[in-house]
Structure formats: structure tokens, C-alpha cells
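Novice: Pasting the sequence and the predicted model now:
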Amino acid sequence: MNEKELFLKLKQYYLPDLQKSAGTYDSYDCFSLQHQCFIELKCRNSHYENLMIEQVKYARVKYEALERGWSPLYICSTPQGVWAFNLTQFATIVTGK
């Protein structure tokens, strides 16, 4: 699955008002006005035990959302399924060396 397919499935089954971000350099891929959330999407061709988000993306989407009183979400698909994370519930950031 690619990000376009993931976006369309989310829109069809869960978030009918889902809209793509307007700009190429936005800190999120899409958003829902009804559910007041910014969403970062990631599609992986392999499944990993830890479905990490890049620290820069984590910080940017969380900042954008919390500045507006919205929720920052990270939705990741792998061959084993789709997982959604509310980034306000995670305080630990793991960074590489």
C-alpha cells in the first residue's frame, strides 16, 4: 500500500472529511476538520516491531496540532496491518546517533 491508497482508505472508512495538506512542505500529510487532527502518514514495505516516526516529523506535526488545540496523529501501514498513534500520548523520543 502507498500513501495515496492509505489516504483513500482512511477517507472512505473512517474520516470522510479527510483532506490532503495544501503545501509540499507542510508538517503533516492530511487533516480532519471534524475530528480536529493533523495526520502524518507512513507506508512501509516491511513490518518492523517498532513503528517509529522521524523525530523532526514528530516534533513538527505535534507542534502544529497543539498550537491549534488539535490532535497530532501518526498512521503507519505495513504488510501486517495499519496502526494509528495519538502523538500526545507519547513522551519518549528515540533518536539515532
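Specialist: Cool, the structure landed.
Novice: From here on, just use CA atoms for contacts and neighbour counts.
Specialist: Fine.
Novice: Mind listing residues that contact stretch 39-49?
Specialist: The contact list for stretch 39-49, computed with Cα atoms under 8 Å, 6 or more residues apart in numbering, reads 1-3, 6-7, 27-31, 57, 61, 72-80.
Novice: Stretch 67-81 too?
Specialist: With Cα under 8 Å, 6+ apart as the criterion, stretch 67-81 contacts 1, 6, 36-47, 51, 53, 61-62, 64-66, 82-88.
Novice: show me where pLDDT drops low in the chain?
Specialist: Applying pLDDT under 70 to the chain picks out residues 90-97.
Novice: quick revisit: among the contacts of stretch 67-81, which are in strands?
Specialist: Among the contacts of stretch 67-81, the members found in strands (DSSP state E) are 37-43, 82-86.
Novice: Generate CSV for the residues you listed, with neighbour count as supplementary columns.
Specialist: Listed next are those as CSV, based on neighbours: other Cα atoms under 10 Å:
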residue, neighbour count
Cys37, 24
Phe38, 27
Ile39, 27
Glu40, 24
Leu41, 20
Lys42, 20
Cys43, 18
Val82, 12
Trp83, 12
Ala84, 13
Phe85, 15
Asn86, 14
